[in-house]
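> structure here, sequence nowhere to be found:
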């Protein structure tokens, strides 16, 4: 699952991590990529949202702060109960001298799924096309998707702030496959959650990944818990194609 939780602030302006956890639990995912989490921020009661949601789901959280102000953190996380280890975290490039835009980052975890290692990269790209191009170039480069340990058993998830006809989307889909396009031919919008019209939340998969099903959660709770809807992807790993660290 990929889910932009908007700091766990719902459309009713209430901060409710437990509500986010309930939306996630309804789909019973094994791996969850979350964006826009607050950790220790006064606005959301000073709690660790990543840890709170993970505990409610019986999972462990790997968190990366894209932004830090004093002791307040804001960023993204990968949650799972499966055996996993963190491979890399890092900031993504931003435009210099262009307003006050949020810093962006990514994190990469290797997750044991059956007898295979699944590489999971979670990110949240910027709003401007030029900024996105630089960030995508970084993700496609040798430290991330181009790293020899990444292989083809890889899923890149997140909020990409780019519709399917955008240059950013085309750049990513030239390297990986949009899971919704592979399965259905046409994806479902995810933003804004009440009446979604834009598809900007994606899961892109490598050649070793077979997509069995893709869906968005559109329950009444999901429509109020965040300003995005979560995307759920059921996958199978082709171990014959996958060349991963654990298989070596």
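Okay, I see it. The structure presented is a predicted model; accordingly, all values stated were derived computationally and were not measured. Residues are numbered from 1 along each chain as shown.
> could you point out the longest helix of this protein?
Longest helix in the chain by number of residues (criterion: DSSP state H): helix 129-140.
> contacts for the strand or helix carrying residue 38 next, please.
Residue 38 is part of strand 31-39, with elements assigned from DSSP states H and E. Residues from elsewhere that reach strand 31-39, judged by Cβ atoms under 8 Å, 6 or more residues apart in numbering: 1-8, 15, 24, 44, 47-51, 53, 57, 59, 63, 65, 72-80, 82, 111, 118, 120, 122-124, 157-159. C-betas here are computed from N, CA, C, even on glycine.
> how deep is residue 47 tucked in, by neighbour count?
By other Cβ atoms under 10 Å, the residues close to residue 47 number 15.
> next: residue 51.
Counted with other Cβ under 10 Å, residue 51 comes out at 18.
> ok, it touching residue 60?
No. Using Cβ atoms under 8 Å, residue 51 makes no contact with residue 60, being 9.1 Å away.
> and the residue sitting nearest the centre point of the chain, bridged to which residues?
Nearest to the geometric centre of the chain sits residue 158, at 3.0 Å (Cα atoms, centre = their mean). Beta-bridge partners for residue 158, by DSSP bridges, are residue 123, residue 202.
> that one and residue 73, how far apart?
18 Å (Cβ to Cβ, to the nearest Å).
> can you give me the strands for this protein?
Secondary structure of the chain by DSSP state E: the strands cover 2-4, 31-39, 60-69, 72-80, 84-92, 104-113, 116-124, 154-159, 177-178, 201-205, 209-216, 231-237.
> out of those strands, which comes closest to residue 134?
Among the strands of the chain, strand 84-92 comes nearest to residue 134, with 7.7 Å by Cβ to Cβ.
> now do that closest one and helix 129-140, the angle between them.
Counting by axes from the mean of the first three to the mean of the last three Cα atoms, to 10 degrees, strand 84-92 lies at 140 degrees to helix 129-140.
> what comes into contact with strand 84-92?
60, 62, 64, 66, 78, 103-112, 119, 123, 125-126, 134-135, 138-139, 143-144, 149.
> buried stuff in it?
84, 87-89, 92 (16 or more other Cβ atoms under 10 Å).
> count of residues packed around residue 63?
Neighbours of residue 63 (other Cβ under 10 Å): 21.
> and it, how far is that from residue 78?
Residue 63 is 8 Å from residue 78, by Cβ to Cβ.
> what residues are shared contacts of the two?
Joint contacts of residue 63 and residue 78 (Cβ under 8 Å, 6+ apart) are residue 107.
> thought residue 155 was touching residue 233, still the case?
Yes. Residue 233 lies in contact with residue 155 (Cβ under 8 Å); the separation is 7.5 Å.
> picking up where we left off before, correct me if wrong: the residue nearest to the centre of the chain contacts residue 201.
Yes. Counting by Cβ under 8 Å, residue 201 is a contact partner of residue 158 at 7.2 Å.
> now list whatever residues contact both of those two.
Common neighbours of residue 158 and residue 201 (Cβ under 8 Å, 6+ apart) are 2, 4.
> show me where pLDDT drops low in the chain?
97-100, 182-186, 240-248 (pLDDT under 70).
> 50 instead, please
Where the chain drops to pLDDT under 50, the residues are 243-248.
> ok and the strand holding residue 38 relative to strand 84-92, angle-wise?
Going by the same axes, to 10 degrees, strand 31-39 makes 50 degrees with strand 84-92.
> how near is residue 233 to residue 30?
The spacing between residue 233 and residue 30, counted by Cβ to Cβ, is 11 Å.
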